[in-house]
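Visitor: Got a predicted model here, sequence first, then my questions.
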Amino acid sequence: MKSKATYKQIALSKPSFWDDIKVLVKLRLNILVVFSAVIAFLVLSPAPFSGFGVVILAIGGFLVTGAANALNQVLESDFDKLMKRTENRPVAAGRMKDSEAVLIAGLMAVVGVIMLCSFNALTGFLGMLSMILYAFVYTPLKRFSTLAVPVGAIPGALPMLIGATAATGEIGWIALLLFGIQFFWQFPHFWAIGWNGKDDYMNAGFKLLPERNGVIDPNVGLISMIYALLLIPISVGLFYFGVGGPISLSICVLAALYYTKSCWDFQKHKDTKHVKKMMYASFIYLPVVLIALLLPF
């Protein structure tokens, strides 16, 4: 007979319902997505900006992104079981039924899209489009083609457009440049994560790295470096259109150069140590640049 202490240990080791919800919506990633949408909103909002608008955008964006992540885990539950990093997700581990996760996703999607539509129809449409592309195009495609990465980068960058259109009701040059930052940033980021967990991904049949004749492209670091360098002219373009000032531009350029160097170091060494540095550089780059874009000088 098991002791009370043993039962207590089992209870403590089992994630709570709210812990599972956090995993289902990919809480930390979701917060970064919402942060990027809010930054775009603030960059393009006429002063003084609407604090209520920020709250509605943040909640609506969080719910739509959470719905996309939940649907992703339902559709990939059989494959998540094959990877150590995902085998304990609530749907894959059997703690949550597919129907429960779909119901949660549906409720979040409806409420989230309605909240985004409160700004304008274009913002609501972009929110719905990002969810559809991520859950129903990117998710199945990554088992068949490396094109999944550029396809997945579109919904990954749409939060910038969502924040911009919530502020202005249209897609202008600044909105497109903001989209470009998050779009091109994702390639080294995706590939660093893909290379670091390549055994897991290969076991599940996911194609997340550039390939040549079925073999991982040995120049993945070099290709990543090119994408990181593209972030510099985009930053210059934002400065040209009046976003930020010389200090803001300098921070953006230095951050892109740091990101680029991490890609080049990985190209030279192609080892776990340097791919992790490239991954960490991607985590540093985006929030630093997003904050820098708000600087008026």
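Guide: Great, that's in hand. Numbering: from 1, shown residues only.
Visitor: show me where the stretch 51-200 of the chain has helices.
Guide: Secondary structure of the stretch 51-200 of the chain by DSSP state H, counting those that start in this stretch: the helices cover 51-75, 77-80, 98-117, 121-132, 139-141, 148-168, 173-196, 198-204.
Visitor: what's next to the third one, contact-wise?
Guide: Applying CB atoms under 8 Å, 6 or more residues apart in numbering, the external contacts of helix 98-117 come out as 21, 24-25, 56-57, 59-68, 70-71, 73-74, 77, 90-91, 123-124, 126-128, 131, 162, 166. To be clear about C-beta, it is placed using only N, CA and C from the backbone, and glycine gets the same treatment.
Visitor: Turn the buried ones among these into a named PyMOL selection, would you?
Guide: Those of these that count as buried under 16 or more other CB atoms under 10 Å are selected in PyMOL with:
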select buried, resi 21+24+25+56+57+60+61+62+63+64+65+66+67+68+70+71+73+74+77+90+91+123+124+126+127+128+131+162+166
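Visitor: roughly how far is the helix or strand that contains Asp19 from the heart of the chain?
Guide: Asp19 is part of helix 17-24 when elements are defined by DSSP states H and E. Mean-position distance between helix 17-24 and its chain equals 18 Å (CA atoms, centre = their mean, to the nearest Å).
Visitor: Give me the mean pLDDT for it.
Guide: For helix 17-24, the mean per-residue pLDDT is 92.
Visitor: Which helix or strand contains Phe35?
Guide: Going by DSSP H and E, Phe35 is part of helix 27-44.
Visitor: buried stuff in that helix?
Guide: 30, 32-44.
Visitor: got the angle for it vs helix 121-132?
Guide: Relative orientation of helix 27-44 versus helix 121-132 (axes from the mean of the first three to the mean of the last three CA atoms, to 10 degrees): 160 degrees.
Visitor: which helices and strands does helix 27-44 pack with?
Guide: In terms of contacts (3 or more CB pairs under 8 Å, 6 or more residues apart in numbering; DSSP states H and E), helix 27-44 is packed against helix 51-75, helix 148-168, helix 173-196, helix 272-292.
Visitor: Quick one, which of those gets closest to Ile223.
Guide: helix 173-196 (7.6 Å; CB to CB).
Visitor: Could I have the CA atoms of the closest one written out in CSV?
Guide: Extracted as CSV, the C-alpha positions of helix 173-196 are listed here (Å, rounded to 0.1, in the frame of the first residue of the first chain):
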residue,chain,number,x,y,z
TRP,A,173,5.0,51.2,-45.4
ILE,A,174,5.8,51.3,-41.7
ALA,A,175,3.5,48.3,-41.1
LEU,A,176,5.2,46.3,-43.8
LEU,A,177,8.6,47.1,-42.4
LEU,A,178,7.6,46.1,-39.0
PHE,A,179,6.2,42.9,-40.5
GLY,A,180,9.6,42.4,-42.2
ILE,A,181,11.5,42.6,-38.9
GLN,A,182,9.5,39.8,-37.4
PHE,A,183,9.4,37.8,-40.6
PHE,A,184,13.2,37.7,-41.3
TRP,A,185,14.1,37.4,-37.6
GLN,A,186,12.3,34.0,-37.6
PHE,A,187,14.5,32.2,-40.1
PRO,A,188,17.7,32.0,-37.9
HIS,A,189,15.4,31.5,-34.9
PHE,A,190,13.6,28.6,-36.4
TRP,A,191,16.7,27.0,-37.7
ALA,A,192,18.6,27.3,-34.4
ILE,A,193,15.7,25.6,-32.6
GLY,A,194,15.5,23.0,-35.4
TRP,A,195,19.2,22.2,-35.4
ASN,A,196,19.3,22.0,-31.6
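Visitor: list the helices and strands that helix packs on?
Guide: Counting by 3+ CB pairs under 8 Å, 6+ apart, helix 173-196 packs on helix 27-44, helix 148-168, helix 220-229, helix 231-240, helix 246-269, helix 272-292.
Visitor: which one of the ones you listed is the most hemmed in?
Guide: Ranked by mean neighbour count, the helices and strands packed on helix 173-196 are led by helix 148-168 with a mean of 24 (mean count of other CB atoms under 10 Å).
Visitor: relative to helix 51-75, how tilted is it?
Guide: 160 degrees.
Visitor: i'd like the first residue to be 32 from this point on
Guide: Shifting the count to begin at 32 puts that one at helix 179-199.
Visitor: Next, the angle from helix 179-199 to helix 251-260.
Guide: Using the same axes, to 10 degrees: helix 179-199 against helix 251-260 is 10 degrees.
Visitor: For the nearest residue to Pro171 once chain neighbours are set aside, give its distance to Gly228.
Guide: The shortest distance from Pro171 to any non-neighbouring residue, by CB to CB, 6 or more residues apart in numbering, is to Leu106 (6.9 Å). In this view, Leu106 and Gly228 are 19 Å apart by CB to CB, to the nearest Å.
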